[in-house]
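Q: Sequence and predicted structure below; questions after.
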Amino acid sequence: MFIVFGGLFLAVLASGVGRCGSQSVHDVQWLPCQFVDESIKLNQEGHKETTYHHRNALLQFGVLGDRPIDQDVITFLVVASKVDMRRYVAGGEDTLQCEIRRYSTGGIVMRWPGLGAQEHDIWFTCTLTHTEGLFVITTFLRHTPAQEGNHELIQVADRELLTTSAAMVVVTRTPSVAVGLMKDQTLHCQFAVDHKQASMTVEWRLQRRGERTKIFSYSSRSGKTEGSGVSVKAIGAGNASLKLPLTSQASEGTYVCSVHVPPLYGSHDITLNIHEPPRVSVNVGSSLALTLGGEQKVVCDAEGYYPLDVNIDWVREPSGSSFLPEVLKNVLYSSHRHNKDGTYSLSAFFLLQPGLEDSGYKYTCRVHHQALRIPIRKSFTLTVSEQDSLWYVLVFGFIITMIGLLLWLVPQYLRAKKQSARKAF
């Protein structure tokens with residue numbers, strides 16, 4: 001488990017014992033870390049098994065010969081080099097996580113071109129992760145053991161001090177990206193090495209639906225470039241950021257930026273998701289007037305959203321009420337409509353047949369979607385009135401007139417019929 005420390009300002013040790021004051025993270029003397037150690041054993045079947053152990057550790061910045069600030073934990077003393085991981089940490093952040101692991105060169109034995117390196121050096125990685133996803137920084141730490149030999153899995157005592165220097169750092173400030181459709185997007189990838197004219201290979205790959213596709217590659221040894229989106233000139237300055245074409249659904253996936261400087265291989269996974277918010281409309285205005293006995297089909301349309309999952313509901317509440325709104329239960333939904341641009345649309349509707357007691361209620365359509373920080377709301381206020389009394393008077397007068405007319409016409413008709421019968425005889 002990680003040890004988390006607040007902010008980018010850490011208390012520093014005063015007089016070798018107590019803490020006092022605070023400094024910018026660029027000047028910090030130490031960081032608490034977790035050392036994820038590993039041990040390899042043969043199981044009963046004769047196969048190698050790796051077990052991981054979390055151990056308390058300290059990342060201490062200083063000079064050769066410095067004593068540990070805390071002698072009760074493992075100390076990784078990072079002495080000055082041309083690479084300093086602290087300069088890549090943006091100021092004003094709330095929290096960091098620090099993790100140190102062993103790094104295997106995969107059997108490659110070679111002397112690192114940096115100053116003071118030896119052929120039998122061993123390696124560790126130190127990863128600083130911002131807890132809100134603003135950046136991830138991976139630094140390769142080189143340690144020279146006292147004796148030569150195969151020391152990749154040297155034993156590290158609980159209170160041991162290991163002197164290291166930073167040889168290479170790989171950084172991304174876009175570890176996770178959510179972007180809309182038809183947008184410009186750049187995926188950040190930056191690196192630095194402690195020596196000039198390093199032989200390096202920079203690659204970008206996209207992992208999507210089980211397939212892995214190379215987008216870009218550059219080799220400083222051959223000068224060969226494949227793909228596009230990365231400036232070769234910028235790579236020379238340590239910037240391997242990838243500029244994407246206008247985003248579409250096909251842009252989604254995990255992008256892997258890798259920097260290979262033998263025998264080191266550093267990479268960061270960057271997740272890109274398409275989030276397109278819905279456009280919401282209601283087929284009535286901000287107010288709706290109905291007469292008693294009338295009805296109105298009310299429709300709420302959510303259009304052009306991505307991805308598919310969306311939630312639409314209708315609620316109502318008395319105007320000015322402080323109580324929780326009532327969720328309508330008579331709402332029907334259309335099927336999801338798949339638009340030509342790859343987005344989706346959905347409608348939620350109900351038949352409003354109000355009584356006088358419903359007058360003054362506010363009806364609201366609420367739309368929830370992961371592209372929205374807060375739901376979209378569209379409302380109208382209902383007014384219900386009785387039918388006009390003049391209409392009743394007119395109808396009643398018409399009925400009375402028709403009855404009177406019938407009462408006069410029927411006797412006239414019967415009298416005329418009787419007279420016609422007499423003339424016949």
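A: Okay, I see it. Numbering: from 1, shown residues only.
Q: element containing the residue nearest the centre of the chain, please.
A: Nearest to the geometric centre of the chain sits Ala178, at 5.4 Å (Cα atoms, centre = their mean). Here Ala178 is covered by strand 176-179, with elements defined by DSSP states H and E.
Q: Could you pull out the buried residues of the helix or strand just after that strand?
A: The helix or strand immediately downstream of strand 176-179 is strand 185-187, counting by DSSP H and E. Using 16 or more other Cβ atoms under 10 Å as the test for burial, strand 185-187 gives 185, 187. In this view, the C-beta of every residue, glycine as well, is placed from N, C-alpha and C.
Q: For strand 185-187, which strands pair with it and how are they oriented?
A: strand 242-244 (antiparallel) (DSSP bridges).
Q: List the residues that contact the residue nearest to the centre of the chain.
A: With contact taken as Cβ atoms under 8 Å, 6 or more residues apart in numbering, Ala178 is in contact with 272-275, 371.
Q: Need the pLDDT of Gly320.
A: Gly320 is assigned 77 on the pLDDT scale.
Q: and it, what are its phi and psi?
A: phi 80, psi 10 (degrees, to the nearest 10).
Q: That one: how many residues sit nearby?
A: 7 (other Cβ atoms under 10 Å).
Q: how much space is there between it and Ser287?
A: 15 Å (Cβ to Cβ, to the nearest Å).
Q: what's the answer for His338, then?
A: 34 Å.
Q: Kindly report the same for Gly62.
A: From Gly62 to Ser287 the distance is 71 Å (Cβ to Cβ).
Q: ok, these two, which is more surrounded?
A: Applying other Cβ under 10 Å to Gly62 and Ser287 shows that Gly62 carries more neighbours, namely 17 against 11.
Q: Now do the contacts for the nearest residue to the more buried one once chain neighbours are set aside.
A: Spatial nearest neighbour of Gly62, excluding adjacent residues (Cβ to Cβ, 6 or more residues apart in numbering): Leu77 at 5.9 Å. Leu77 sits next to 60-62, 66, 68, 161-164 when contact means Cβ under 8 Å, 6+ apart.
Q: Which among these count as buried?
A: 60-62, 68, 162-164.
Q: and which of those is nearest Thr225?
A: Of all these, Thr164 has the smallest distance to Thr225: 33.9 Å, by Cβ to Cβ.
Q: shaky segments in the stretch 151-300 of the chain?
A: 151-152 (pLDDT under 70).
Q: That one: strands as residue ranges?
A: Ranges of strands in the stretch 151-300 of the chain, per DSSP state E, counting those that start in this stretch, are 161-172, 176-179, 185-187, 190-193, 201-208, 211-219, 225-227, 242-244, 253-261, 264-274, 279-282, 287-291, 296-305.
Q: CSV for these, including distance to Asp72?
A: Output for the strands of the stretch 151-300 of the chain, formatted as CSV (distance: least, Cβ to Cβ, whole Å):
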stretch, distance to Asp72
strand 161-172, 12
strand 176-179, 36
strand 185-187, 41
strand 190-193, 33
strand 201-208, 42
strand 211-219, 45
strand 225-227, 50
strand 242-244, 44
strand 253-261, 36
strand 264-274, 31
strand 279-282, 58
strand 287-291, 71
strand 296-305, 54
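Q: Would you mind saying which of those lies nearest Ile122?
A: Taking those one by one with Cβ to Cβ, strand 161-172 is closest: 9.2 Å.
Q: packing partners for the closest one?
A: When contacts are defined as 3 or more Cβ pairs under 8 Å, 6 or more residues apart in numbering; DSSP states H and E, strand 161-172 packs onto strand 74-79, strand 136-143, strand 190-193, strand 253-261, strand 264-274.
Q: Could you dump those into CSV with distance to Gly397 added?
A: Formatted as CSV, those follow (distance: least, Cβ to Cβ, whole Å):
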stretch, distance to Gly397
strand 74-79, 100
strand 136-143, 84
strand 190-193, 88
strand 253-261, 76
strand 264-274, 67
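Q: Select, out of these, the one closest to Ser219.
A: strand 253-261 (9.2 Å).
Q: ok, residues contacting that closest one?
A: Contacts of strand 253-261 (Cβ under 8 Å, 6+ apart): 168, 170, 172, 187, 189, 191, 193, 198-209, 215, 240, 242, 265-272.
Q: Repeat that for stretch 100-110.
A: 33-38, 57, 59, 76, 119, 122-127, 140-141, 152-153, 262-264.
Q: rewinding a little: mark which of the contacts of Ala178 are buried, thanks.
A: Buried, going by 16+ other Cβ under 10 Å: 272, 274-275, 371, out of the contacts of Ala178.
Q: now the longest strand seen in the chain: mean pLDDT?
A: Secondary structure of the chain per DSSP state E: the longest strand is strand 48-62. On average, the pLDDT along strand 48-62 is 92.
Q: What strands line up against that strand, and which way round?
A: Paired strands of strand 48-62, defined by DSSP bridges, are strand 30-42 (antiparallel), strand 74-79 (parallel).
Q: Mind listing what's buried along it?
A: Neighbour-count burial for strand 48-62 [16+ other Cβ under 10 Å]: 57-62.
Q: Need the max-distance pair from those residues.
A: Ala57 and Gly62, at 15.2 Å, using Cβ to Cβ across the buried residues of strand 48-62.
Q: Can I have the buried ones of the contacts of stretch 100-110 as a ChimeraX selection?
A: Only the buried entries of the contacts of stretch 100-110 go into this ChimeraX selection, using 16+ other Cβ under 10 Å:
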select :33,34,35,36,37,57,59,76,122,123,124,125,126,127,140,141,263,264
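Q: so Asp121 sits right up against His143, yeah?
A: Yes - contact criterion Cβ atoms under 8 Å: Asp121 and His143 qualify, at 6.5 Å.
Q: These two - which one has more neighbours?
A: Counted by other Cβ under 10 Å, Asp121 and His143 do not tie: Asp121 has more neighbours, with 22 against 18.
Q: and the residue lying closest to Val177 once chain neighbours are set aside, what does it touch?
A: Nearest non-adjacent residue to Val177, counting by Cβ to Cβ, 6+ apart: Leu272, 4.7 Å away. Residues in contact with Leu272 (Cβ under 8 Å, 6+ apart) are 177-179, 185, 187, 244, 251-255.
Q: picking that back up, so what pLDDT did the residue nearest to Gly62 get?
A: 97.
Q: Check Val25 too.
A: So Val25 comes in at 63 (pLDDT).
Q: do Lys418 as well
A: 71.
Q: Secondary structure of it: a helix, I assume?
A: Yes - if the criterion is DSSP: H, G, I helix; E, B strand; the rest coil, then Lys418 is within a helix.
Q: so what's the residue nearest to the centre of the chain bridging to?
A: Asn273.
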